[in-house]
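Visitor: here is a sequence with its predicted model. Questions after.
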Amino acid sequence: MILRRAGQKVLLIEKGRHPRFAIGESSTPLANLLLEEIARDADLPNLHKMTEWGRWQKHLPELPCGLKRGFSFYKHEVGASLQPHDRSTQLLVAASPNDSLGDTHWYRPAVDEYLVNEAISHGVHYRSDTTITKIKYNNESWEMELESQNQNHQVQARFIVDASGPQGFMSQVLSIPPSQPANTQKTQALFAHFTKVPRLEDSDSTFDSSPPPFPVDDAAVHHIFEGGWIWVLRFNNGVTSVGVVMEDDAANSIGLKSREIGWQKLLNNYPSLKVLLGTAQRVTDWHYVPQVAWKVETVVGENWAMLPSAAGFIDPMLSTGFPLTLLGIQRLARILTETQTRELRQQSLKGYEAVTLLEIDQTADLIGALYSNLKNFENFCNLTLLYFAAASFAETVGRLGHPERAQGFLRSSDPQFGPKAREICRLARLEPRVDIRQRIVELIAPFDVAGLTNQRANNWFPVVIGDLVNNAEKTGSTREEVISMLQRSGVPI
Ligand SMILES: Cc1cc2nc3c(=O)[nH]c(=O)nc-3n(C[C@H](O)[C@H](O)[C@H](O)COP(=O)(O)OP(=O)(O)OC[C@H]3O[C@@H](n4cnc5c(N)ncnc54)[C@H](O)[C@@H]3O)c2cc1C
């Protein structure tokens, strides 16, 4: 759509057909801000409607999605029930001050179809049920043979954007092998859509004993246990996405790849998860992924580039997929619409490749450290602050009109922060018993705009508008500029 707006001819090739199941459902404030920027810069108002829960409900009520007010984490022990009042076994981090400004879970069968129809309405040529059977690079252009419903078509393209996801098209054509990213654990995933998933807050009366910073179920719910974690993402059509990622040893010990049997064995170990998920009704097939984390080393070439989602993925934890992909879309679109000469374009593509791989690596280090600390929930919570501090800072400076101050995803391009954060992650991975809190607090304090270093928070982090205003100078802006940004964003002050 961005390229069409810039007057270019675009062909979108899909080997399947919409609507179809797809995984990757949970947005974040940063993902929504990036989508807002794309919608504004390319004048795509129908994308803007998807950037907040309130806007979505007002303008696209027929398009299913879920309300996401933040991230909820609960720590489970084998054979023990969850103690909802025990704050040391939970972490609640709000991402929005109210429902209207909340983030969303995308019900991908409908959302992806909506996006494709939008693309078509902008003049994108779309071919579904289509396979690329031959491809050749000739005279600075790609010649492709397409097969669709037993018919062959020849097309020529000046540039290929590989948006085909894990181990996708260019990886296969150019034999670019995926590998396990450094510092990550080998993991497997199993997921499906369910109905009749009760809300956590209804499952135990002590859940509402004191009001949490947001309704704990209107969130990306992460149930953490030794060896893995389960996500629960609710949509507003009665469907809930539920899935698990487990380290290989733990997954193999219950036979996760046998799907239903493995799933039931897992639930049998954790009484509260059994209560919560044991009676849910599965409404899709199980999807099993034998290797969740992967990455390639070549992301671009002569007149082609992969989106970040075709270049690597680490883990669903913390919903990093959308922002990484949207950052990639922004960067690639700029290269394809702004660079004039072949040399400049190739140079820019190399820069795009470097930053894409750096961000995947920074994410890998953090996720690797989190997995090493699934047993040590205190360290786990402290490590998440590296993510929450960088993400809330990036959102704030982005909304203030200075996205460059974010220094890339997870501040990976910050020459100070990037390496220091990775060093902390290394320590946490190799020495899970070392207390890393003080190092993390010192590292994030200079740009913590969300009160994450507050000792008294006791694992509940609401959105406090005063935190943003009082920390204005950390963003390089004045209090007045922050207040006016908040007013523009519709935040009640
Ligand atoms: C288990 C899991 C959970 C995740 N959860 C989250 C989350 O909660 N939040 C988040 O931000 N990210 C998450 N992600 C990441 C997220 O899935 C991706 O960032 C996102 O789906 C990328 O979208 P995409 O359209 O680029 O790729 P995909 O969603 O993978 O779509 C690729 C499309 O290309 C088509 N295709 C593939 N090969 C070809 C071919 N050869 N020719 C033509 N078409 C082809 C496919 O049919 C498909 O329609 C998760 C990933 C996994 C594995």
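Guide: Looks like it came in fine.
Visitor: how is this protein partitioned into domains?
Guide: For the chain, automatic domain parsing gives the domain ranges 1-64+107-158, 66-102+188-292.
Visitor: export those domains as CSV, with columns for distance to the ligand.
Guide: The C-beta positions use only the backbone N, C-alpha and C, and glycine is treated the same way. Below are the domains of the chain laid out as CSV (distance: least, Cβ to the nearest ligand atom, whole Å):
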stretch, distance to the ligand
domain 1-64+107-158, 2
domain 66-102+188-292, 4
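Visitor: output the below-cut-off pLDDT ranges for the stretch 1-150 of the chain.
Guide: Under the criterion pLDDT under 70, no range of the stretch 1-150 of the chain is flagged.
Visitor: follow-up on the earlier one: among the domains of the chain, which is the most enclosed?
Guide: Burial of the domains of the chain is given as mean neighbour count (mean count of other Cβ atoms under 10 Å); domain 66-102+188-292 ranks first at a mean of 19.
Visitor: now do the same end-to-end measure for that one.
Guide: Terminal residues of domain 66-102+188-292 are spaced 24 Å apart (Cα to Cα, to the nearest Å).
Visitor: stretch 451-466 too?
Guide: 9 Å.
Visitor: centre of the chain to it, how far?
Guide: With Cα atoms, centre = their mean, to the nearest Å as the basis, stretch 451-466 stands 23 Å off its chain's centre.
Visitor: in it, which residues are buried?
Guide: 451, 452, 453, 457, 459, 460, 461, 462, 463, 464 (16 or more other Cβ atoms under 10 Å).
Visitor: pLDDT and secondary structure added to the residues you listed, as JSON lines?
Guide: What follows is the buried residues of stretch 451-466, written out as JSON lines (pLDDT from 0 to 100; DSSP: H, G, I helix; E, B strand; the rest coil):
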{"residue": "451", "pLDDT": "96", "secondary structure": "coil"}
{"residue": "452", "pLDDT": "97", "secondary structure": "coil"}
{"residue": "453", "pLDDT": "96", "secondary structure": "coil"}
{"residue": "457", "pLDDT": "94", "secondary structure": "helix"}
{"residue": "459", "pLDDT": "96", "secondary structure": "coil"}
{"residue": "460", "pLDDT": "96", "secondary structure": "strand"}
{"residue": "461", "pLDDT": "97", "secondary structure": "strand"}
{"residue": "462", "pLDDT": "96", "secondary structure": "coil"}
{"residue": "463", "pLDDT": "95", "secondary structure": "coil"}
{"residue": "464", "pLDDT": "94", "secondary structure": "coil"}
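Visitor: now distance to residue 421 too, for the domains of the chain, in TSV please.
Guide: Shown next, in TSV, are the domains of the chain (distance: least, Cβ to Cβ, whole Å):
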stretch	distance to residue 421
domain 1-64+107-158	16
domain 66-102+188-292	18
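Visitor: could I get the buried residues of stretch 451-466 as TSV with distance to residue 396?
Guide: Formatted as TSV, these follow (distance: Cβ to Cβ, whole Å):
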residue	distance to residue 396
451	13
452	13
453	15
457	18
459	22
460	21
461	15
462	16
463	11
464	13
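Visitor: secondary structure element for the residue lying closest to residue 118 once chain neighbours are set aside, which one?
Guide: Nearest residue to residue 118 in three dimensions, chain neighbours excluded: residue 46, at 5.5 Å (Cβ to Cβ, 6 or more residues apart in numbering). Taking DSSP states H and E as the criterion, residue 46 maps to helix 45-48.
Visitor: try residue 444
Guide: Under the criterion of DSSP H and E, residue 444 resides in helix 437-444.
Visitor: same question, residue 136
Guide: Counting by DSSP H and E, residue 136 is found in strand 130-138.
Visitor: for that strand, name the packing helices and strands.
Guide: If you count contacts as 3 or more Cβ pairs under 8 Å, 6 or more residues apart in numbering; DSSP states H and E, strand 130-138 packs onto strand 141-148.
Visitor: picking that back up, residue 347: which of the domains of the chain is closest?
Guide: Residue 347 lies closest to domain 1-64+107-158 among the domains of the chain, at 16.2 Å (Cβ to Cβ).
Visitor: if we can go back for a sec, between the buried residues of stretch 451-466, which sits nearest residue 3?
Guide: Distance to residue 3 across the buried residues of stretch 451-466 (Cβ to Cβ) is lowest for residue 463, with 35.9 Å.
Visitor: my guess is that closest one contacts residue 94. True?
Guide: Yes - assessed by Cβ atoms under 8 Å, residue 463 is found in contact with residue 94 at 4.7 Å.
Visitor: next, show the common contact partners of those two.
Guide: Here residue 463 and residue 94 share the contacting residues residue 213, scored by Cβ atoms under 8 Å, 6 or more residues apart in numbering.
Visitor: ok, and what's touching the strand holding residue 136?
Guide: 13-15, 142-148, 152, 169, 173, 302-303.
Visitor: same deal with stretch 69-79?
Guide: Contacts of stretch 69-79 (Cβ under 8 Å, 6+ apart): 82, 89-96, 99, 102-103, 200, 213-226, 269-273, 318, 377, 380-381, 384, 388.
Visitor: filter those residues down to the ones in strands?
Guide: Secondary structure from DSSP state E places 90, 91, 92, 93, 94, 103, 220, 221, 222, 223, 224, 225 of these in strands.
Visitor: spatially, which two of these are the most separated?
Guide: Pairwise distances across the ones in strands among the contacts of stretch 69-79 (Cβ to Cβ) peak at 25.2 Å, for the pair 103 and 225.
Visitor: for the closest residue to residue 371 other than its chain neighbours, give me phi and psi.
Guide: Excluding its sequence neighbours, the residue lying closest to residue 371 (Cβ to Cβ, 6+ apart) is residue 185, at 4.8 Å. Dihedral pair for residue 185: phi -90, psi 150, per degrees, to the nearest 10.
Visitor: where along the stretch 1-150 of the chain do the helices fall?
Guide: For the stretch 1-150 of the chain, the helices defined by DSSP state H, counting those that start in this stretch cover 2-5, 29-41, 45-48, 53-59, 108-121.
Visitor: returning to that earlier point: make CSV out of the ones in strands among the contacts of stretch 69-79 and add distance to residue 255.
Guide: Below are the ones in strands among the contacts of stretch 69-79 laid out as CSV (distance: Cβ to Cβ, whole Å):
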residue, distance to residue 255
90, 29
91, 30
92, 33
93, 34
94, 38
103, 35
220, 27
221, 25
222, 23
223, 20
224, 21
225, 17
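Visitor: ok, the helix or strand where residue 288 lies: who's next to it in the sheet?
Guide: Element membership for residue 288 (DSSP H and E) is strand 287-289. Strand pairing for strand 287-289, using DSSP bridges, gives strand 187-195 (antiparallel).
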